[in-house]
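Undergrad: turn this into a structure:
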Amino acid sequence: MAYNSPSCVAVLGKTGLSNCKDELTQDAMLVWTTLAFQFASEADAEDESKWIDGINLGTVFPHPIFDEVEPAVEDNVIQETAIGVKLFVREGKYGGIGRAITAQCNLANLRTFNEVTGRAFIVTGNGKIYGTSPDGTIFRGFLLSEFHVGFLGGSDGATKRMVQWDYQMKLPTEMGDFGAVPQITWNPLTQLTGVVPVTIAVVGVATASELIVSIIRDCDNEVVTGLVEADFVILDAGANVQPTTGFTDNADGTYTFTFSADLETGTVNLETPTAQTTGQLFSATVASYTI
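TA: The predicted structure follows:
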């Protein structure tokens, strides 16, 4: 084929219909991902642990479940000529406006995603994950042309203040020609949550044989219970791990570590989310102590 000689021969598909239909209800949650993130196979896309891995690695970010949503699908763009002929120009883009009730203290983190180039999976109200597969193997979110988290909106006295998400998918073909819905057996609306920012602090005065720390959620100041020893890392001044002889979850948001009277001055922090056993927690600050 020569330059400027496009092929006008269409390869037409078959029009026979399936006896079943997709069960995709309203957009209930968006899972934002980095531009390069994708699942290598359908099996990976169906594996809940692979999603959790992405969350812990900082490539997958579940946003809050919408309390209300409005579709904002753009109309197809049609040109009408002077003689009344209608010409198709381009397909309208898929999008929506979602609103969720969330605390003011969450907003700064949520708004860091504004206008950042990325992709998003749509989680529907009945727990389906809607994405795109360009080759029938890999699975990824839809490329975004808009993703904006607003501020805490107003109230007329009869409604709650809500935060608004405006979103639009950039490529209609990703949805129209390459849409994909893995057949999962778990519910992403309850199972996919973002990493929670917390603060770790030393309680009282550390001794050579005992160290007590507390873990508190940053936004709501709730204590964090149920962690295990492997969720923590204790280092001396030379960044060497300090071995413990005992560990106790005090069930009140504090944790006690014991030592053979050989604890040295150092720091204590949570392991990274990828290394935590029970957490999905992140502390931006490291707690220091002096013996």
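Undergrad: ok, Thr124 to Val163 distance?
TA: 20 Å (CB to CB, to the nearest Å). In short, each C-beta sits where N, CA and C put it, glycine included.
Undergrad: those two - which one has more neighbours?
TA: Val163 (22 against 19; other CB atoms under 10 Å).
Undergrad: wait, the more buried one touches Val149, no?
TA: Yes - contact criterion CB atoms under 8 Å: Val163 and Val149 qualify, at 6.4 Å.
Undergrad: so for stretch 154-165, mean pLDDT?
TA: Computed over stretch 154-165, the mean pLDDT rounds to 94.
Undergrad: could you do stretch 135-150 as well?
TA: 98.
Undergrad: how about it: buried residues?
TA: Ile138, Phe139, Arg140, Gly141, Phe142, Leu144, Phe147, Val149, Gly150 (16 or more other CB atoms under 10 Å).
Undergrad: tell me, what residue is most central in this structure?
TA: The residue lying closest to the centre of the chain (CA atoms, centre = their mean) is Phe61, at 1.6 Å.
Undergrad: is it true that it touches Phe113?
TA: Yes - with contact defined as CB under 8 Å, Phe61 counts as touching Phe113 (7.1 Å).
Undergrad: need the overlap of contacts for these two.
TA: Residues touching both Phe61 and Phe113 (CB atoms under 8 Å, 6 or more residues apart in numbering): Trp32.
Undergrad: what about stretch 273-285, start to end distance?
TA: 14 Å (CA to CA, to the nearest Å).
Undergrad: distance from the chain centre to that stretch, please.
TA: Stretch 273-285 has its C-alpha centroid displaced from the chain centroid by 15 Å (CA atoms, centre = their mean, to the nearest Å).
Undergrad: can you list the buried residues in it?
TA: Buried residues in stretch 273-285 (16+ other CB under 10 Å): Pro273, Gln276, Gly279, Leu281, Phe282, Ser283.
Undergrad: pLDDT check: weakest of those residues?
TA: Among these, Gly279 has the lowest pLDDT, at 81.
Undergrad: residues in contact with the residue lying closest to that residue once chain neighbours are set aside?
TA: Of all residues not flanking Gly279 in the chain, Asp231 sits nearest, at 5.2 Å (CB to CB, 6 or more residues apart in numbering). Counting by CB under 8 Å, 6+ apart, Asp231 touches Leu270, Glu271, Gln276, Thr277, Thr278, Gly279, Leu281.
Undergrad: who's in contact with the fifth one?
TA: Applying CB under 8 Å, 6+ apart to Thr278 gives the contacts Gly226, Leu227, Val228, Asp231.
Undergrad: in PyMOL, how would I select the buried members of the residues you listed?
TA: Command for PyMOL that selects the buried part of the contacts of Thr278, burial taken from 16+ other CB under 10 Å:
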select buried, resi 227+231
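Undergrad: can you redo the contacts of Thr278 as TSV with pLDDT?
TA: Shown next, in TSV, are those (pLDDT from 0 to 100):
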residue	pLDDT
Gly226	97
Leu227	97
Val228	97
Asp231	97
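Undergrad: quick one: the strands in the stretch 101-250 of the chain?
TA: Using DSSP state E, counting those that start in this stretch, the strands found in the stretch 101-250 of the chain span residues 119-124, 129-132, 142-152, 163-169, 179-180, 196-202, 210-217, 232-236, 246-249.
Undergrad: Asp67 is nearest to which of those strands?
TA: Nearest of the strands of the stretch 101-250 of the chain to Asp67, taken as CB to CB: strand 163-169 at 9.8 Å.
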